[in-house]
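Chemist: With the sequence up front, the predicted model follows.
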Amino acid sequence: MAFVAITSCNAEGVKYSEERDVQSELFFPVNPIIKFAHSNPVFQLKISVEAGRKELNVSEIKAEIISGTEDLEKLELYYTSNEKEYLKDSLMAVMYPGQKQLSIPVSIQLPPGVHYFWMHAILKEDANIEDKIVFRVKSFVADEKEYFPINDDKEQVQYTGIAIRKAWDDSVHTYRIPGMIVTHKGTLIAIYDIRYHHSGDLPANIDVGMNRSTDGGKTWEPMKIIMDMGAPHENNGVGDPAILFDPVSETIWVAALWSKGNNSIRDSRPGLSPDSTGQLVLISSTDDGITWSEPVSITPQVKNPQWHLYFNGPGAGIVMQNGHLVFASQYWDENKIPYAAIIYSEDHGQTWKSGVGAKSNTTESQIVETRPGTLMLNMRDNRGKYRSVATTTDMGKTWVEHHTSGSVLEDPVCMAGFIKAEVNHGNARKEVLFLSNVNHSYARVNTTIRASLDWGETWPEAYSLLIDERSGFGYSSIARINEDTIGLLYEGIRDLYFVRIPVKDILK
């Protein structure tokens, strides 16, 4: 960040240049303010005191809450000395905002060098996550002068959201692998891994959990365990779930990988038995997610016995216009080479078939029907840097690699969310493809929603919205809440966050 001279203010309130022995700048991070989350940074104030100057006696920071005061429980100010990153043990002041104008007491002497202050926000339990928090840092007072940092006139606008699962909720170490759909009743169903003892993958003690929301994600019912393969719980886990809703039969389907013993990605072997290979299992609900069936393996229906492993791609499946149910899938062939593919049902889940792999060395993928009968598979590619894309018109018997494959959608080898949704755009309704992923070529940062108005032919930068720049585990799932709102469920670090995003903010 570049630093220039700050300005001060005389008795008449007119800003004037100050000597260059004190410099300051504001940095505004991009992240939602999440209800129940441990960390919600709002701004970073950097103050540099030049060598040879006496200590700078800072007495207060002045700020303004332009919007969202009623949603804030408190504000916490942290002083991290010369450490640029936020440190949770450096709390300096706590404010309980009841009004828009804030005077935050500091009372600290800053020796020559670089110093950082961080402001964090805590939402009330009844905060409305449709609201945005708009914040402005006006100045800070030091040595009885009022200093105005660079960017002091910039407003910080942040979405609000909710942590539907946090590390150590119900004594669980980690929640991972989100999937989400909306039912015919408007109910949001979120599914995920319950990773009891550590954040690692199968084989481990993992079950599949679920939360329901009947108000568009503003509040969520308590967690329910919907897949548990029973004792022994260690090395008998089930996870990596995917979910779809069939509007014809009004049935919710959840697919997952059951690893009996060590039959997960690394150690699963050829065959069809649970004792030799991981199992693709399904459960269903016909009462809007209130009760669920027992797991049933469809591995004999979809897996080539010579392959090492076959299971679903995590996230969400789809229902085609002709009524076929489709989940993205993945398999490791006889040479242990991974391929992204699909499984599908032509009879509303009674029987299932498999397509062939779309591209080698791809795994977790998501599927949409762009035009009637044409499926587009958006894939995690182990080659790195970009996502791969392929289309099929014959239910995965053959695939054609798309021209955007491996060159357009940046990705650091991670799972993504991918849907087609009819939404309001301008004065019309339009079918739009939405992709959520960590938009970076090698790091799991910058959780972003992107949109395509031409069925994935182009992804204009103008239709890209950065939601959370912070590092996280990176997986996400998206769903259309209504014609004006997209719901995003994504991973922090061991937590799962939900945010409502107005369509107009994406399709600017």
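Modeler: Arrived safely, thanks for sending. Since the structure is predicted, the reported quantities are computational estimates derived from the model, not experimental observations.

Chemist: Can you name the residues bridging to the residue nearest to residue 123 when sequence neighbours are not counted?
Modeler: Of all residues not flanking residue 123 in the chain, residue 35 sits nearest, at 4.4 Å (Cβ to Cβ, 6 or more residues apart in numbering). Every residue, glycine included, has its C-beta placed from N, CA and C. When bridges are taken as DSSP bridges, the partners of residue 35 come out as residue 162.

Chemist: residues touching residue 35, list them.
Modeler: Residue 35 makes contacts with 123-125, 127, 129, 160-163, as judged by Cβ atoms under 8 Å, 6 or more residues apart in numbering.

Chemist: And for residue 133?
Modeler: Contacts of residue 133 (Cβ under 8 Å, 6+ apart): 33, 42, 65, 67-68, 71-72, 121, 156-158, 160.

Chemist: Neighbouring strands - and their directions - for whichever strand or helix holds it?
Modeler: Using DSSP states H and E, residue 133 sits within strand 132-142. As defined by DSSP bridges, the strand partners of strand 132-142 come to strand 56-67 (antiparallel), strand 145-148 (antiparallel), strand 156-165 (antiparallel).

Chemist: Can you say which of those strands is packed in most?
Modeler: The highest average neighbour count among the strands paired with strand 132-142, using mean count of other Cβ atoms under 10 Å, belongs to strand 156-165 at a mean of 23.

Chemist: Kindly format the C-alpha coordinates of that strand as PDB.
Modeler: Taking C-alpha atoms only, strand 156-165 is exported to PDB below (Å, rounded to 0.1, in the frame of the first residue of the first chain):
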ATOM      1  CA  GLN A 156     -17.100   0.000   4.000                       C
ATOM      2  CA  VAL A 157     -20.100  -2.000   2.800                       C
ATOM      3  CA  GLN A 158     -20.400  -5.600   4.100                       C
ATOM      4  CA  TYR A 159     -22.900  -8.400   3.700                       C
ATOM      5  CA  THR A 160     -24.200 -10.100   6.800                       C
ATOM      6  CA  GLY A 161     -24.700 -13.800   7.100                       C
ATOM      7  CA  ILE A 162     -24.900 -16.700   9.600                       C
ATOM      8  CA  ALA A 163     -22.600 -19.500  10.700                       C
ATOM      9  CA  ILE A 164     -24.900 -22.500  10.400                       C
ATOM     10  CA  ARG A 165     -22.200 -24.700  11.900                       C
END
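
Chemist: taking the mean pLDDT, what do you get for the following helix or strand past that strand?
Modeler: Per DSSP H and E, the first helix or strand lying C-terminal to strand 156-165 is strand 174-182. Across strand 174-182, the average pLDDT comes to 98.

Chemist: got the angle for strand 174-182 vs strand 156-165?
Modeler: Counting by axes from the mean of the first three to the mean of the last three Cα atoms, to 10 degrees, strand 174-182 points 100 degrees away from the direction of strand 156-165.

Chemist: Residue 462 belongs to a helix, doesn't it?
Modeler: Yes: under DSSP: H, G, I helix; E, B strand; the rest coil, residue 462 falls within a helix.

Chemist: In contact with it, which residues?
Modeler: Counted by Cβ under 8 Å, 6+ apart, residue 462 has contacts residue 508.

Chemist: Could you do residue 159 as well?
Modeler: By Cβ under 8 Å, 6+ apart, the residues touching residue 159 are 32-33, 132, 467, 499-501.

Chemist: Mind putting the strands paired with strand 132-142 into a markdown table with distance to residue 137?
Modeler: Listed next are those as a markdown table, based on distance: least, Cβ to Cβ, whole Å:
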| stretch | distance to residue 137 |
| --- | --- |
| strand 56-67 | 5 |
| strand 145-148 | 9 |
| strand 156-165 | 8 |
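
Chemist: Please name whichever of those strands is nearest to residue 197.
Modeler: Comparison of the strands paired with strand 132-142 against residue 197 by Cβ to Cβ identifies strand 156-165 as nearest, at 15.8 Å.

Chemist: how close does the nearest residue to residue 104 once chain neighbours are set aside get to residue 195?
Modeler: Closest residue in space to residue 104, ignoring its immediate chain neighbours: residue 61 at 4.4 Å, by Cβ to Cβ, 6+ apart. For residue 61, the distance to residue 195 (Cβ to Cβ, to the nearest Å) stands at 40 Å.

Chemist: Give the next helix or strand downstream of the lowest-mean-pLDDT helix or strand in the chain.
Modeler: Lowest on mean pLDDT, DSSP states H and E among the helices and strands of the chain sits strand 15-17, with a mean of 37. From strand 15-17 onward toward the C-terminus, using DSSP H and E, the following helix or strand is strand 22-27.

Chemist: Which strands and helices lie in contact with that next one?
Modeler: strand 41-49, strand 132-142 (3 or more Cβ pairs under 8 Å, 6 or more residues apart in numbering; DSSP states H and E).

Chemist: need the ones you listed in CSV with distance to residue 457 and mean pLDDT, can you?
Modeler: Shown next, in CSV, are these (distance: least, Cβ to Cβ, whole Å; pLDDT from 0 to 100):
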stretch, distance to residue 457, mean pLDDT
strand 41-49, 37, 95
strand 132-142, 32, 95
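
Chemist: Of all the ones you listed, which one is nearest residue 359?
Modeler: It is, among the helices and strands packed on strand 22-27 and with distance given as Cβ to Cβ, strand 41-49, at 38.9 Å.

Chemist: Identify the residues contacting that closest one?
Modeler: With contacts defined as Cβ under 8 Å, 6+ apart, strand 41-49 is touched by 1, 3, 21-29, 31, 33, 55-56, 58, 61, 75, 84, 86, 110-121, 133, 135, 137, 140, 149, 156, 158.

Chemist: With stretch 220-231 instead?
Modeler: So stretch 220-231 is in contact with 162, 164-165, 169-170, 190-191, 194, 207-214, 236-238, 241, 254, 256, 258, 260, 281, 283, 292, 295, 498, going by Cβ under 8 Å, 6+ apart.

Chemist: So for it, what gets flagged as buried?
Modeler: Residues of stretch 220-231 classed as buried by neighbour count (16 or more other Cβ atoms under 10 Å): 220, 223, 226-229.

Chemist: returning to what we had before: do you know how far the residue nearest to residue 104 is from residue 157?
Modeler: Look at residue 61 and residue 157: by Cβ to Cβ, they are 19 Å apart.

Chemist: What of residue 397?
Modeler: 48 Å.

Chemist: cool, and residue 190?
Modeler: 26 Å.

Chemist: now swap in residue 507 and tell me
Modeler: Applying Cβ to Cβ to residue 507 and residue 157 gives a distance of 18 Å.

Chemist: So what's the residue count around residue 270?
Modeler: Using other Cβ atoms under 10 Å, residue 270 has 16 neighbouring residues.

Chemist: Just to check, it is in contact with residue 309?
Modeler: No: the pair residue 270 and residue 309 fails to qualify as a contact (Cβ atoms under 8 Å) at a distance of 9.3 Å.
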